[in-house]
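J.: dropping the sequence and predicted coords here.
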Amino acid sequence: MRKSNQLEAKIKVAAVSYLNTKPLLYGIERSEVMNDIDMVLEYPAQLAQSLNEGKIDLALLPVAAIPFIHGANIISDYGIAADANVVSVALFSQVPIEDIKTVYLDYQSRTSVRLTRLLFEQYWKKEVTFLPAEPDYIHHIGGSTAAVIIGDRALQQLNNFVYVYDLSVAWKALTGLPFVFAAWVANKELPEAFKEAFNKANAYGLLHIDDVVAENYFPEYDLKTYYTENIHYLLDAEKLKGLDLFLSMIAE
């Protein structure tokens with residue numbers, strides 16, 4: 001017999017398996033809310049398509065995709081954000097920004113692409129040529145060619161380039177606000193009881209950061225620092241203000 005607090009139909013939930021999501025997934029996977037969901041892991045670019053096609057009901061969605069989701073609504077107080085130095089979303093170069101002429105963009109990450117274009121236009125005020133990233137694009141960084149690298153790969157490359165321009169730092173300098181990279185977005189109304197349980201599950205993971213660090217060996221960067229200083233998981237009023245501003249700016 002099913003417990004009375006379980007849903008009749010499971011909610012299909014998707015996220016990416018980057019290091020920055022590990023604290024949130026840790027809590028979800030260890031909570032009773034797992035009884036009500038089917039969890040799948042996908043690439044960032046696939047999440048929006050899966051939501052729109054009804055293959056999933058809820059995703060830790062890169063925020064630039066929100067305007068393209070019919071009926072999109074943020075259902076949790078938690079997500080992936082930063083207040084200045086995020087470390088894992090940056091422009092890598094061997095020359096200073098004024099000498100960059102070409103920039104590779106990883107189009108699997110719509111948010112970093114839109115943020116990079118916005119920053120070159122409004123913050124660095126510089127025209128460059130943007131190119132779609134090839135599978136080995138990191139090896140093409142050199143001379144006047146730079147590239148945006150995100151996620152775990154960015155952490156691994158921090159000491160390999162002379163110039164690393166953190167995109168969240170640039171956004172903070174431009175706007176004075178934090179930046180939200182991803183939020184839990186649904187494409188339909190979900191039960192209030194589920195949303196409350198899901199929120200608590202996210203929070204649970206953040207109370208066990210030492211356990212998350214212990215489970216994820218990563219010698220290239222201190223994950224305790226990453227999870228407690230670089231990534232901000234609670235989407236407070238200032239974070240949401242930054243999110244609203246970003247969405248309005250890329251809509252113009």
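T.: Ah, there it is. For clarity, every value in this text was computed on a predicted model and none was experimentally measured.

J.: C-alpha from now on. contacts and neighbour counts both.
T.: Noted.

J.: pretty sure residue 171 is in a helix, no?
T.: Yes - per DSSP: H, G, I helix; E, B strand; the rest coil, residue 171 lies within a helix segment.

J.: got a list of what residue 231 touches?
T.: By Cα atoms under 8 Å, 6 or more residues apart in numbering, the contact set of residue 231 is 20, 80, 81, 82, 83, 86.

J.: just the local confidence number for the residue lying closest to it once chain neighbours are set aside, please.
T.: Leaving out its chain neighbours, the residue that sits closest to residue 231 by Cα to Cα, 6 or more residues apart in numbering is residue 82, at 5.2 Å. Looking at residue 82, its pLDDT stands at 98.

J.: count of neighbours near residue 82?
T.: A count of nearby residues for residue 82, using other Cα atoms under 10 Å, gives 23.

J.: please, which helix or strand holds residue 188?
T.: Under DSSP states H and E, no helix or strand contains residue 188.

J.: gap between it and residue 240?
T.: In this structure, residue 188 lies at 20 Å from residue 240, with Cα to Cα, to the nearest Å as the measure.

J.: the residue nearest to residue 231 contacts residue 182, doesn't it?
T.: No - assessed by Cα atoms under 8 Å, residue 82 is found out of contact with residue 182, at 10.5 Å.

J.: next, give phi and psi for the residue nearest to residue 231.
T.: Its backbone dihedrals place residue 82 at phi -150, psi 150, with angles given as degrees, to the nearest 10.

J.: could I get the average pLDDT for the helix or strand where residue 196 lies?
T.: Residue 196 is located in helix 192-206, with elements delineated by DSSP H and E. When the per-residue pLDDT values of helix 192-206 are averaged, the result is 96.

J.: for the helix or strand bottoming out on mean pLDDT in the chain, buried residues please.
T.: Using mean pLDDT, DSSP states H and E, helix 44-52 stands out as the lowest-scoring helix or strand of the chain, at a mean of 86. When burial is assessed from 16 or more other Cα atoms under 10 Å, helix 44-52 yields the following buried residues: 44, 45, 46, 47, 48, 50, 51, 52.

J.: which members of the contacts of residue 231 are the farthest-apart pair?
T.: Put simply, by Cα to Cα the two of those set farthest apart are 20 and 83, 14.7 Å from each other.

J.: got phi/psi on residue 53?
T.: Torsion angles, degrees, to the nearest 10, at residue 53: phi -90, psi 0.

J.: burial of it, as a residue count?
T.: The criterion is other Cα under 10 Å. On that basis, residue 53 has 11 neighbouring residues.

J.: okay, now the domains of the chain?
T.: Partitioning the chain according to automatic domain parsing yields domains covering residues 11-82+178-251, 89-175.

J.: for this structure, what spans make up the helices?
T.: In the chain, the segments counted as helices under DSSP state H are 22-29, 44-52, 110-122, 151-157, 167-175, 192-206, 209-215, 223-225, 237-251.

J.: and residue 41, bridged to which residues?
T.: Assessed by DSSP bridges, residue 41 has beta-bridge partners residue 15.

J.: looks like it contacts residue 16 (just checking).
T.: Yes - at 5.2 Å, residue 41 and residue 16 qualify as touching, with contact defined as Cα under 8 Å.
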